[in-house]
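Peer 1: Sequence and computational prediction follow.
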Amino acid sequence: MAVLGETTEASNNSLSHKITAKTPLFNLKLYAVIAILVLCLLAAALLIFLCLRITRVSRKRKMRVKHSSGSIPLVSKEIAEIKEPSPRAADNGERKMGNEKLKEAPLEVTEIVDIERGKGNRSGLESDGSGPHNIGWGRWYSLKELEIATRGFSPQNVIGEGGYGIVYSGELQDGSVVAVKNLLNNKGQAENEFKVEVEAIGKVKHKNLVGLIGYCAEGAQRMLVYEYIDNGNLEQWLHGDVGPVSPLTWDIRMKIAIGTAKGLAYLHEGLEPKVVHRDIKSSNILLDRKWNAKVSDFGLAKLLGSEASYVTTRVMGTFGYVAPEYASTGMLNEGSDVYSFGVLLMEIITGRNPIDYSKPAGEMNLVDWFKGMIQSRRGEDVVDPLIAVQPPPRAMKRVLLVCLRCIDLDVHKRPKMGQIVHMLEADDFPFRSETRSAR
Ligand SMILES: Nc1ncnc2c1ncn2[C@@H]1O[C@H](COP(=O)(O)OP(=O)(O)OP(=O)(O)O)[C@@H](O)[C@H]1O
């Protein structure tokens, strides 16, 4: 037993000696090394656990944002965010508006963003009354800035008044001229919903669409700031007092029609999800000094809703332009825009208003009169008498045909806007094939 006791004591001694003995590692004692190792292991395990947890929580949050069904929409249902169009995308807007071609083209413009449920100052948009507020595509403006720009919303700055509110011209601090649309009847519009929709509209950029450059949402005030288009609108040029000869020659009218068609084709076929304008009419086609057409008010029907307007015609677009199926069923798709475009094209050719009560009974309704004229083979007689030089018969026939196809009662038979661009531009083709054969 004594021997056993001695042996145990000896082994205990040697163990304690080993533990307290110095190791080659930094001359540390063995127990210190073991303690460090255990601590390291614990820290590593803790780190891995934390990493796993963070990944899981963020995945859950993403899922929540994607599938949320709250009352404030996460993204506009009708308009998606688009990136600034690349030179190629702009090129598509310019030349490749044929339906198939557009579909082939990669949709680099579309990228739906998950916007988190508005928690106040989401992207620095809230007012602090100072300095510029860049929001990617444009700017947030304070009420004060716009007040200064429009000289206190002076009556002298009023450009006009439409169904959504009064439009003022304004000059910003940097000297740029803008059009400020002061939206009326917007009490029901939640601020965050308004911002989401406006931001979606602001990101839609095309040469033939009026560019939204910013907005103001302070208290009950809602304003949209647009690039200023300095040559009036098409309605003024077609129906205003322009003298015995209209400055709008046939070629200028075709340029305006094609520009408008390109703007609409971009809304219908270049964006995902597509945007239906809902209110195509001559006063919504703005013109610059080179007669480039700029479609205005796109996205507003969605932004403000039909009931937001104090003009009753707004409920159904504008009288005279509205597609029959939209008027009767309220069903709306891009085909309704095509119908309205057909009416607009007739208006451009004839210089007549879609509804004109000052005309004799059979001529009050432009569409009915136009159809009757074509049926009785009097197509040449529909051209606006204010056009000094008559169009070539072939070109005119083609445009008349486009009008008729757009107003087809069967919405499915109407052409797409991209096809319309092609049909209206068809004049170029003989020229192109000639140059090719010459080569
Ligand atoms: N960005 C702009 N640049 C220059 N003028 C503009 C601009 N936006 C609108 N206007 C002009 O302001 C006036 C009012 O335009 P608004 O779009 O509010 O009404 P509308 O088109 O006449 O009618 P509705 O609201 O029924 O469409 C029009 O004369 C229009 O040409």
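Peer 2: Thanks, I have the structure now. Numbers count the residues shown, from 1 in each chain.

Peer 1: Only C-alpha atoms from now on, for both contacts and neighbour counts.
Peer 2: OK.

Peer 1: Could you list the low-confidence segments of this structure?
Peer 2: Across the chain, the ranges flagged by pLDDT under 70 are 1-28, 51, 54-133, 185-189, 301-316, 427-439.

Peer 1: interface residues of it facing the ligand?
Peer 2: 159-165, 167, 179, 226-230, 232-233, 283-284, 286 (CA under 6 Å from any ligand atom).

Peer 1: Apply 8 Å and report the result again.
Peer 2: Residues of the chain lying near the ligand by CA under 8 Å from any ligand atom: 158-169, 178-181, 210-211, 225-233, 279, 281-286, 296-297, 311, 314, 318.

Peer 1: Make a PyMOL selection of whichever of those turn out to be buried.
Peer 2: Here is the PyMOL command that selects the buried residues among the residues of the chain next to the ligand (16 or more other CA atoms under 10 Å):
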select buried, resi 158+164+165+166+167+168+169+178+179+180+181+210+211+225+226+227+228+229+232+233+279+281+282+283+284+285+286+296+297+314+318
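
Peer 1: Tell me which of the residues of the chain next to the ligand fall in strands.
Peer 2: Within the residues of the chain next to the ligand, residues falling in strands by DSSP state E are 158-162, 165-169, 178-181, 225-227, 285-286.

Peer 1: give me the element residue 262 is part of.
Peer 2: Using DSSP states H and E, residue 262 maps to helix 250-269.

Peer 1: Name the residues of that helix that are buried.
Peer 2: Within helix 250-269, the residues that count as buried by 16+ other CA under 10 Å are 250, 253-269.

Peer 1: cool, and stretch 135-144?
Peer 2: Judged by neighbour count using 16+ other CA under 10 Å, the buried positions of stretch 135-144 are 137-143.

Peer 1: Dump the C-alpha coordinates for it into PDB.
Peer 2: Output of stretch 135-144 as PDB, limited to C-alpha atoms (Å, rounded to 0.1, in the frame of the first residue of the first chain):
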ATOM      1  CA  ILE A 135     -32.700  61.100 -54.900                       C
ATOM      2  CA  GLY A 136     -30.900  59.300 -57.700                       C
ATOM      3  CA  TRP A 137     -33.100  60.200 -60.700                       C
ATOM      4  CA  GLY A 138     -33.900  63.800 -59.600                       C
ATOM      5  CA  ARG A 139     -34.400  65.900 -56.500                       C
ATOM      6  CA  TRP A 140     -36.600  66.400 -53.600                       C
ATOM      7  CA  TYR A 141     -37.600  70.100 -53.400                       C
ATOM      8  CA  SER A 142     -38.700  72.000 -50.400                       C
ATOM      9  CA  LEU A 143     -41.900  74.000 -50.600                       C
ATOM     10  CA  LYS A 144     -39.800  77.100 -49.900                       C
END
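
Peer 1: Next up, the contacts around residue 396.
Peer 2: Applying CA atoms under 8 Å, 6 or more residues apart in numbering to residue 396 gives the contacts residue 380.

Peer 1: Could you export the helix or strand hosting it as PDB, CA atoms only?
Peer 2: Per DSSP H and E, residue 396 falls inside helix 393-406. The C-alpha coordinates for helix 393-406 follow below in PDB (Å, rounded to 0.1, in the frame of the first residue of the first chain):
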ATOM      1  CA  PRO A 393     -50.900  60.400-101.800                       C
ATOM      2  CA  ARG A 394     -49.100  57.200-100.900                       C
ATOM      3  CA  ALA A 395     -47.800  58.600 -97.600                       C
ATOM      4  CA  MET A 396     -51.300  59.900 -96.800                       C
ATOM      5  CA  LYS A 397     -53.000  56.600 -97.500                       C
ATOM      6  CA  ARG A 398     -50.600  54.800 -95.300                       C
ATOM      7  CA  VAL A 399     -51.400  57.200 -92.400                       C
ATOM      8  CA  LEU A 400     -55.100  57.000 -93.000                       C
ATOM      9  CA  LEU A 401     -54.800  53.200 -92.800                       C
ATOM     10  CA  VAL A 402     -52.900  53.400 -89.500                       C
ATOM     11  CA  CYS A 403     -55.800  55.600 -88.100                       C
ATOM     12  CA  LEU A 404     -58.300  53.000 -89.100                       C
ATOM     13  CA  ARG A 405     -56.300  50.100 -87.600                       C
ATOM     14  CA  CYS A 406     -55.900  51.900 -84.300                       C
END
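
Peer 1: contacts for the one helix or strand residue 222 maps to?
Peer 2: Here residue 222 is covered by strand 221-227, with elements defined by DSSP H and E. Here strand 221-227 makes contact (CA under 8 Å, 6+ apart) with 177-184, 186, 210-217.

Peer 1: Good, we can wrap up now.
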